[in-house]
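One predicted model, sequence on top.
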Amino acid sequence: MVDHAGRLVCASCLTKAARAAEPVKSKRSFAGLRRGVTLVAAVLVLWVIFYAVGSLLLSMPPELHEGTVWKRIGMD
């Protein structure tokens with residue numbers, strides 16, 4: 001017998017109450033699947049961003065990369 005929250009409770013009853021208070025673990029946990037899907041989505045988003053930046057750089061005129069465009073507009 002033990003005094004627990006103002007009540008006298010036997011050890012077996014206290015053990016049952018503690019087990020009832022524990023969160024029930026699901027037999028099916030989709031945490032691993034969710035983590036994998038999130039990883040694939042993040043890689044896909046990064047790939048799209050890098051592809052868009054690369055396309056933007058390729059669409060720029062070559063004079064911009066060589067630095068001759070600045071001479072043409074008088075900033076050199």
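Yep, that arrived.

Could you report the distance from residue 29 to residue 35?
Counting by CB to CB, to the nearest Å, the gap from residue 29 to residue 35 is 11 Å. The way it works is simple: take the backbone N, C-alpha and C, and place the C-beta from them, glycine included.

From the centroid of this protein, which residue is nearest?
Note on the chain: the residue nearest the mean C-alpha position is residue 38, at 6.3 Å, using CA atoms, centre = their mean.

Which helix or strand contains that one?
Assignment of secondary structure by DSSP states H and E places residue 38 within helix 31-59.

next one: residue 12
If you go by DSSP H and E, residue 12 is part of helix 11-21.

Dump that helix to CSV, keeping only the CA atoms.
Extracted in CSV, the C-alpha atoms of helix 11-21 (Å, rounded to 0.1, in the frame of the first residue of the first chain):
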residue,chain,number,x,y,z
ALA,A,11,1.1,-2.0,-5.9
SER,A,12,-0.7,-4.0,-8.5
CYS,A,13,-3.4,-1.3,-8.8
LEU,A,14,-0.7,1.3,-9.2
THR,A,15,1.0,-0.8,-11.9
LYS,A,16,-2.3,-1.1,-13.8
ALA,A,17,-2.9,2.6,-13.6
ALA,A,18,0.6,3.4,-14.8
ARG,A,19,0.2,1.0,-17.8
ALA,A,20,-3.1,2.6,-18.7
ALA,A,21,-1.6,6.1,-18.6
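
for that helix, packing partners?
strand 2-4 (3 or more CB pairs under 8 Å, 6 or more residues apart in numbering; DSSP states H and E).
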